[in-house]
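1. sequence-free structure coming up:
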């Protein structure tokens, strides 16, 4: 198992280098001189040239990238063009909000989707099954930002039950954002659980277990779910990634001061180091999430563990 | 005997496409999706005939601001008194066009990369797929936001930004289909008579891996439409006054309390488009590959 985890960890390094490089190159294509953004458009040529020199903007791209990576390893993501604050602490300040939102949404999805998928599979073509599958189809089709607006309209404007934004009410503030973010993930997870459960419960060993006299629920959980859950775990990893991306939109609707809003503010003010920092941190987080999924895989599927013994 | 033979003959005559269509036709949900999507497509193609752009979409009417739905304006009017129905109809054009463009772009690039990687194998395969893996590790929303931030908002950039995130999927599907086919007899036969590699890929292999590609096209088209409106909603896509579902919702959000109808219809349009494409995709998958059907 250690070998397996180690190998996964080592495989992450080139991927992280690749991700940061791609993002670095893309953001370098941004039109406009960063020196002019910092100094304002009326600055004279001499000061601009001096600042460009200080920031190392005239160096070759690879050198600039190398410098950035060296900083990244030390936890230094440069300084904001706008208010000169260090990027890394500003992101870390906001990160807990994004993380709790993404994880909470994930939790909601899993808690709703997996039981729903199992029940739908065991009662295939029943009223419950068809209703929940129609709901799931709507769930994957509905755009999250529209769902957010409709939820605000219903629960905040019409019923005045839940806050429409901000963080003033503690955990209650997270309810609508988390539900918004959880919906599409939950819907696809429920569909996946249902279809892989359907595949598994038709197998011979399930019939054998039932024939041996194992109780139905035990067969479902211990025998069927354990085999059916693998594709669902893969989907969970993907969902976590999508949640982090979706958090950008959801944070902006519910005015939550998370990393996503920091990113959008950075884009509006053309604060490239801030944008770069947010994207890099979020991408690293997602890579870590995928790593965790791979490790969970190793635990759930003993065959994988066996390969690295 | 003769009856049996004619039945057999009739059965054999059916082409593969006809088989697929027969299976597809039995799926009510898929047909429903197909009908809805065809309607949406027709509305967007004939938008100019259905609703006049100058008088309905652009013209402002300050006496009639944020009016609720009525006979004259079935979807109500927006903050400038413009007809929302007309704007939703014309909004479909950009969403569908950009969605389609991004799919075409990623299919071309991802498909080629995947086909080359799968067909030649070895080091080239390894190199291409590692790069594809890296692109896959960046979540599509974040990738699209980054590209739009760097290149600036324009229809072409939007297509590029959304399309890039589909490339890995097409490359992977194409590669695995090609690997499955490259050692088959008919490819060997084509090689034996001296066909060029590009000819083999295009005329022998490609038609045989259309099934998964076709399903993926409908799925990524849905995702493309969703992404266009998401990016426009956060101000990085198509900006007003050009009507687009996402930017209409973005404006409507300001008036959520006073004019909720402004929020309702553009969102319904997005949801319906995506729903129809999802139904279509599910139906296609089941019809093209009966083994996968549950």
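-> Good, I have the coordinates. What you see is a predicted model; the values in this text were computed from it and never measured.

2. CA atoms for contacts and neighbours, from now on please.
-> Fine.

3. quick one: the helix or strand containing residue B:135 near chain A?
-> Residue B:135 is part of helix B:122-137, with elements assigned from DSSP states H and E. Yes. Interface with chain A: helix B:122-137 contributes B:131, B:133, B:134, B:135, B:137 (C-alpha under 8 Å from any C-alpha of the partner chain).

4. now residue A:86. Its backbone dihedrals?
-> The phi and psi values for residue A:86, taken as degrees, to the nearest 10, are phi -70, psi 140.

5. how about residue A:161?
-> phi -90, psi -40.

6. need the nearest residue in space to it, chain neighbours excluded.
-> residue A:155 (5.5 Å; C-alpha to C-alpha, 6 or more residues apart in numbering or on different chains).

7. repeat for residue A:123
-> Per C-alpha to C-alpha, 6+ apart, closest to residue A:123 is residue A:129, 6.4 Å.

8. buried ones in stretch B:262-270, by neighbour count?
-> B:262, B:263, B:264, B:265, B:266, B:267, B:268, B:269, B:270 (16 or more other C-alpha atoms under 10 Å in any protein chain shown).

9. oops, could you answer that again for stretch B:196-207 instead?
-> B:200, B:201, B:204, B:205, B:206.

10. stretch B:136-156 now?
-> Buried residues in stretch B:136-156 (16+ other C-alpha under 10 Å): B:136-153, B:155.

11. tell me which of the residues you listed fall in helices.
-> B:136-137, B:140-151, B:155 (DSSP state H).

12. widest-spaced pair of those residues?
-> Maximum pairwise distance in those, criterion C-alpha to C-alpha, is 25.2 Å, between B:137 and B:155.

13. which residues touch the helix or strand harbouring residue B:251?
-> For residue B:251, the enclosing helix or strand under DSSP H and E is helix B:245-252. The contact list for helix B:245-252, computed with C-alpha atoms under 8 Å, 6 or more residues apart in numbering or on different chains, reads A:146, B:78, B:88, B:91-92, B:95, B:228-235, B:238-240, B:259-260, B:262-263, B:266-267, B:269-270.

14. ok, now stretch B:93-103?
-> Here stretch B:93-103 has contacts from B:41, B:44-45, B:47, B:155-156, B:158-160, B:162-164, B:166, B:217, B:220-225, B:228-229, B:244-245, using C-alpha under 8 Å, 6+ apart.

15. buried only: go through the residues you listed for me.
-> Using 16+ other C-alpha under 10 Å, the buried members of the contacts of stretch B:93-103 are B:41, B:44-45, B:47, B:155, B:158-160, B:162-164, B:166, B:217, B:220-225, B:228-229, B:244-245.

16. so for whatever residue of the stretch 51-200 of chain B ends up closest to chain A, what's the pLDDT?
-> Chain A sits closest to residue B:150 of the stretch 51-200 of chain B, with a gap of 4.2 Å, by C-alpha to the nearest C-alpha. Predicted confidence (pLDDT) for residue B:150: 86.

17. and what of residue A:191?
-> 90.

18. how much space between the nearest residue to it once chain neighbours are set aside and chain B?
-> In space, and not counting its chain neighbours, residue A:191 is closest to residue A:117: 6.3 Å by C-alpha to C-alpha, 6+ apart. Using C-alpha to the nearest C-alpha, to the nearest Å, residue A:117 is found at 14 Å from chain B.

19. please list the residues of the stretch 51-200 of chain B that sit near chain A.
-> Residues of the stretch 51-200 of chain B lying close to chain A (C-alpha under 8 Å from any C-alpha) are B:131, B:133-135, B:137-142, B:146-147, B:149-152.

20. now for the buried residues of stretch B:196-207: which two are most distant?
-> B:200 and B:206 (8.5 Å).

21. which positions within stretch B:235-246 qualify as buried?
-> Neighbour-count burial for stretch B:235-246 [16+ other C-alpha under 10 Å]: B:235, B:236, B:237, B:238, B:239, B:243, B:244, B:245, B:246.

22. could I get these as JSON lines with pLDDT?
-> Output for those, formatted as JSON lines (pLDDT from 0 to 100):
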{"residue": "B:235", "pLDDT": "85"}
{"residue": "B:236", "pLDDT": "87"}
{"residue": "B:237", "pLDDT": "82"}
{"residue": "B:238", "pLDDT": "83"}
{"residue": "B:239", "pLDDT": "82"}
{"residue": "B:243", "pLDDT": "85"}
{"residue": "B:244", "pLDDT": "87"}
{"residue": "B:245", "pLDDT": "90"}
{"residue": "B:246", "pLDDT": "88"}
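
23. of these, closest to residue A:227?
-> residue B:246 (40.7 Å).

24. now that closest one. Nearest residue, chain neighbours left out?
-> residue B:229 is the one closest to residue B:246 (C-alpha to C-alpha, 6+ apart), at 3.9 Å.

25. hmm, who's touching stretch A:256-276?
-> A:23-24, A:27, A:34, A:37, A:77-82, A:87, A:91, A:94-98, A:165-167, A:247-249, A:251-252, A:255, A:278-279, B:146, B:149.

26. in chain B, which helix has the most residues?
-> Chain B, longest helix under DSSP H: helix B:84-120.

27. now do that helix: distance to the chain's middle.
-> 6 Å (C-alpha atoms, centre = their mean, to the nearest Å).

28. same check on stretch A:103-114?
-> 13 Å.

29. repeat that for stretch A:226-241.
-> 14 Å.

30. how about that stretch: buried residues?
-> Neighbour-count burial for stretch A:226-241 [16+ other C-alpha under 10 Å]: A:227-230, A:232-241.

31. ok, back up a step: any quick ChimeraX command for the buried ones out of the residues of helix B:122-137 next to chain A?
-> This is the ChimeraX syntax for the buried subset of those, where burial follows 16+ other C-alpha under 10 Å:
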select /B:133,134,135,137
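
32. up against chain B, what does chain A have?
-> So far as C-alpha under 8 Å from any C-alpha goes, chain A lies against chain B at A:15-16, A:18-19, A:23, A:26-31, A:137-138, A:140-143, A:145-146, A:149-150, A:153, A:157, A:195, A:198-199, A:241-242, A:245-246, A:249, A:252, A:267, A:275, A:279, A:283, A:286-287.

33. ok, now which ones touch the residue nearest the centre of chain B?
-> Central residue of chain B (C-alpha atoms, centre = their mean): residue B:221, 1.2 Å from the mean position. Residue B:221 sits next to B:99, B:100, B:103, B:277 when contact means C-alpha under 8 Å, 6+ apart.

34. let's see which of the buried residues of stretch A:226-241 end up in strands.
-> Residues of these located in strands (DSSP state E): none.

35. of all pairs in those, which one is the farthest apart?
-> A:227 and A:241 (23.6 Å).

36. residue B:133 and residue B:25, how far apart?
-> Per C-alpha to C-alpha, to the nearest Å, residue B:133 is found 37 Å from residue B:25.

37. same deal with residue B:200?
-> 33 Å.

38. go on, residue B:277?
-> 16 Å.

39. so where is the chain shaky, pLDDT-wise?
-> I went with chain A, as the question did not name one. Per-residue confidence for chain A (pLDDT under 70) gives these ranges: A:1, A:41, A:304-309.

40. chain B, not that one
-> Applying pLDDT under 70 to chain B picks out residues B:1-3, B:5-14, B:57, B:66-67, B:290-294.
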